[in-house]
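Build me a model:
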Amino acid sequence: MFSFNKTPVFVAVGAAAIALDQITKFWANSHFPGWSVQVIGDLLRWTLVYNENAAFSMRPQAILPWLSPTVFFGVLTLIACVAVVVFYRSIKKENWIERLSVVLIISGAIGNFIDRLRIGKVIDWIDCDFPDFIMYRFATFNLADSWVTIGIALLFVSSFVFKRQKNEIR
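Numbers count the residues shown, from 1 in each chain. Alright, predicted model coming up:
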């Protein structure tokens, strides 16, 4: 009988998320070099951007300027993935939302690190605008960034859902 709560299923989901991220980055890199395509007017565009920094173009590697960004982000990715795997192992098997969230976070981290190993920077290509909302345009991102964001959101949702279920059982 099929069960979503099995580790091989989560490994398959993680592998599919990484593959989809890499496929879309190859697609964007081959179709949009140096230009932007409007998908939904100015609200959504496919715009190829190479990001040598962290999220929102932050430069945490400036803390250790003698260390190459690839090594810096490699060490950071490795530490984060080990911590998240340890956390994953502590999650109860019936808490599939939390386990899925961890898989998505790891998949996103690995997807962006593959870019850093391959070309020394991350390929971003999804360009959204939220008119008059906090900033001029939202930062350009990719599916790996989306996996991390969705994973973190699911982690928060899971903590509320399972906490409520535990309180209702008592």
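
Am I right that Ile105 sits in a helix?
Yes: Ile105 forms part of a helix when assessed by DSSP: H, G, I helix; E, B strand; the rest coil.

count of neighbours near it?
24 (other C-beta atoms under 10 Å). C-beta coordinates here come from the backbone N, C-alpha and C atoms, glycine included.

do you know how far Ile97 is from Leu20?
For Ile97, the distance to Leu20 equals 20 Å [C-beta to C-beta, to the nearest Å].

Repeat that for Val82.
Plainly put, Val82 is 24 Å away from Leu20 if you go by C-beta to C-beta.

Tell me where the chain has strands.
For the chain, the strands defined by DSSP state E cover 36-40, 44-51, 122-128.

quick one: which of Val82 and Leu20 has more around it?
Neighbours per residue, other C-beta under 10 Å: of Val82 and Leu20, the larger number sits with Leu20, 15 against 10.

hey, where'd the helices end up in the chain?
Remark: helices assigned in the chain by DSSP state H are 7-31, 69-90, 96-119, 143-169.

Show me what counts as buried in the last one.
Same thing as helix 143-169. Going by neighbour count (16 or more other C-beta atoms under 10 Å), the buried part of helix 143-169 is Leu143, Ala144, Asp145, Ser146, Trp147, Val148, Ile150, Gly151, Leu154, Leu155, Ser158, Phe162.

Taking helix 69-90 as reference, get the angle to that helix.
With axes from the mean of the first three to the mean of the last three C-alpha atoms, to 10 degrees applied, the angle from helix 143-169 to helix 69-90 works out at 20 degrees.

And the third one, by the same measure?
Our comparison of helix 96-119 with helix 69-90, counting by the same axes, to 10 degrees, yields an angle of 160 degrees.
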